[in-house]
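>>> Sharing a model that was predicted from the sequence below.
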Amino acid sequence: MLTQRIIPCLDIRDGRVVKGVRFAGLRDAGDPAELALAYEQQGADELVVLDVSATREGRAAALHTIEVIRAILSIPLTVGGGVRSFDDAVALLAAGADKVGINSAAVDRPAIIAELAERVGRQCVVLSIDAAEGEVEADRWQVVTHAGTMRRSLGVVDWARQGQALGAGEILLTSWDRDGTQRGYDIELLRAVSRAVRIPVIASGGASSAMHMHEAFEAGASAVLAASIFHDDRHTVASVKQQLATLGVEVRP
Amino acid sequence: MTEVMIVDTGVANTASIRTMFSRLGASSRLTQSAEDVADAPVLVLPGVGAFAAGMELIERCTLTEPLRERITLGRPTLCVCLGLQVLFESSQESPGVAGLGVVSGEIVEFPDGVVRPQFGWNLVSREADGELGYAYFANSFYAAHASEDWSISWSEHGMRFIAAMQRDGVLACQFHPELSGRFGHGVVEAWWRSIGVETAC
């Protein structure tokens, strides 16, 4: 039976791991390769790396960081954050990413999803959606892009469906309202999107306990992403998995 | 030192596969040459996107015959994900496209009602040995049967499917051994030993 995935996330900037609240107020949280290896050893099922660099130099540094992580990692690696074009995505795959997350670039030009899926296979294409409460037609949530600074006239559930039809293999669904707040995932949002698509949905934004992850799986998520709760050493991936197993969630031991 | 040849499928995740072989103490090189595919002491056919795209590349580079030959003869070959699927005659993913056909049967799609693609870690078992461990899969299509001369391990996602199959020097994995942590390393290391290559670690 397919197990539910626990995915630590590293936000990287200029070669270091950083963490903020609602995409702002970044502070240093460690060395990417050291953290990546520690998480694999704790039982992480995959790793997500988001490049939050604002500059071209920062993005070049991110490619190097991906190469360094790949050389030591033997679990799947998804990279996102800096993907502005088809060529950016291919460069990340060549550097060692197994999947690329595309966000703003796909909202600006949805055909990029289909082009990537055709070239590298849909299993490599993760549609990353940042969602904020705000009505768009029948949708309760609207898509936000550019690190939360732009609200788009695009409903999240509608966009998830479109992404699936265009060829996305997975959806990384981040609640902008919950990101970094430790109040738990936006369960209503997860339920709405999971019902609308058949591809896996990764819950992101707001986790601070195994109970929050349990709620996300109950709502239909196939995987949960978390950053600060692992970086702060309050929990390890192993301790979270143990708690989830006692709650009846199928996890890889 | 043994040099492993990896069929260059354009993109795929060759970086992870190369990392895996460097852990075994082997160097690796990408190739699209039919001569390399025929002569390589050890060859890897990695996963690529769709069935039709994979076969198109194999045919364009005239790799069909050398691949058929080395797999039929059981020469050391590791096939990963789509690399396993193209061993079969056809796939529901790309109707009308012929696979290598070294194994009889058709690749089929997971049923409605399960998450597709299957992304994540699934339990691998073998009838004779029971549970072997968890491996990382990323697939929407699967092989349900292979002839009895293949040694098969299984997983389940809505139904039972082939997780890996081995015959002589050929190991074909539906999962990604290069992304399956210690379990994946162990599977490849055992195959590496079975084909008579010394491991470095």
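Thanks, I have it.

>>> Contact distance from chain B - what residues of the stretch 51-200 of chain A qualify?
By CB under 8 Å from any CB of the partner chain, the residues of the stretch 51-200 of chain A that approach chain B are A:67, A:70-71, A:73-77, A:90, A:93-98, A:117-124, A:169-170, A:198-200. In short, each C-beta sits where N, CA and C put it, glycine included.

>>> what about burial for those, which qualify?
A:70, A:73-77, A:90, A:93, A:95-98, A:117, A:119-124, A:169-170, A:199-200 (16 or more other CB atoms under 10 Å in any protein chain shown).

>>> Inside strands: which ones of these?
Per DSSP state E, strands hold the following members of these: A:77, A:170.

>>> so who does the residue of the stretch 151-253 of chain A found nearest chain B touch?
Nearest residue of the stretch 151-253 of chain A to chain B, counting by CB to the nearest CB: A:Arg252, 4.4 Å away. Shown in contact with A:Arg252 (CB atoms under 8 Å, 6 or more residues apart in numbering or on different chains): A:3, A:43, A:45, A:241, B:121, B:134.

>>> Now pLDDT, neighbour count and distance to A:Arg191 too, for the residues you listed, in a markdown table please.
Shown next, in a markdown table, are the contacts of A:Arg252 (pLDDT from 0 to 100; neighbours: other CB atoms under 10 Å in any protein chain shown; distance: CB to CB, whole Å):
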| residue | pLDDT | neighbour count | distance to A:Arg191 |
| --- | --- | --- | --- |
| A:Thr3 | 97 | 19 | 21 |
| A:Gly43 | 97 | 19 | 27 |
| A:Asp45 | 98 | 26 | 22 |
| A:Lys241 | 97 | 24 | 23 |
| B:Trp121 | 98 | 27 | 24 |
| B:Tyr134 | 98 | 24 | 27 |
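
>>> Restricted to helices, list the residues you listed.
A:Lys241 (DSSP state H).

>>> so the closest residue to B:Leu84 other than its chain neighbours, which of the three states?
For B:Leu84, ignoring the flanking residues on the chain, the nearest one in space by CB to CB, 6 or more residues apart in numbering or on different chains is B:Ala172 at 3.9 Å. Taking DSSP: H, G, I helix; E, B strand; the rest coil as the rule, one finds B:Ala172 in the strand state.

>>> neighbours of B:Ala172, just the number please.
28 (other CB atoms under 10 Å in any protein chain shown).

>>> for it, which residues make a bridge with it?
Assessed by DSSP bridges, B:Ala172 has beta-bridge partners B:Cys79, B:Met165.

>>> How much space separates it from A:Ser222?
26 Å (CB to CB, to the nearest Å).

>>> Flag the shaky bits of chain B, pLDDT-wise.
For chain B, applying pLDDT under 70 flags the ranges B:1, B:10-12, B:48, B:198-201.

>>> those helices in it, which residues are they?
So, for chain B - with DSSP H - the helices run B:14-23, B:34-39, B:51-60, B:64-73, B:82-85, B:181-194.

>>> now swap in chain A and tell me
Using DSSP H, the helices of chain A run over A:32-42, A:56-72, A:86-95, A:104-108, A:111-120, A:156-166, A:187-196, A:210-218, A:228-231, A:237-246.

>>> Distance to A:Trp176 added to those, as a markdown table?
Below are the helices of chain A laid out as a markdown table (distance: least, CB to CB, whole Å):
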| stretch | distance to A:Trp176 |
| --- | --- |
| helix A:32-42 | 24 |
| helix A:56-72 | 22 |
| helix A:86-95 | 23 |
| helix A:104-108 | 13 |
| helix A:111-120 | 21 |
| helix A:156-166 | 10 |
| helix A:187-196 | 10 |
| helix A:210-218 | 16 |
| helix A:228-231 | 16 |
| helix A:237-246 | 23 |
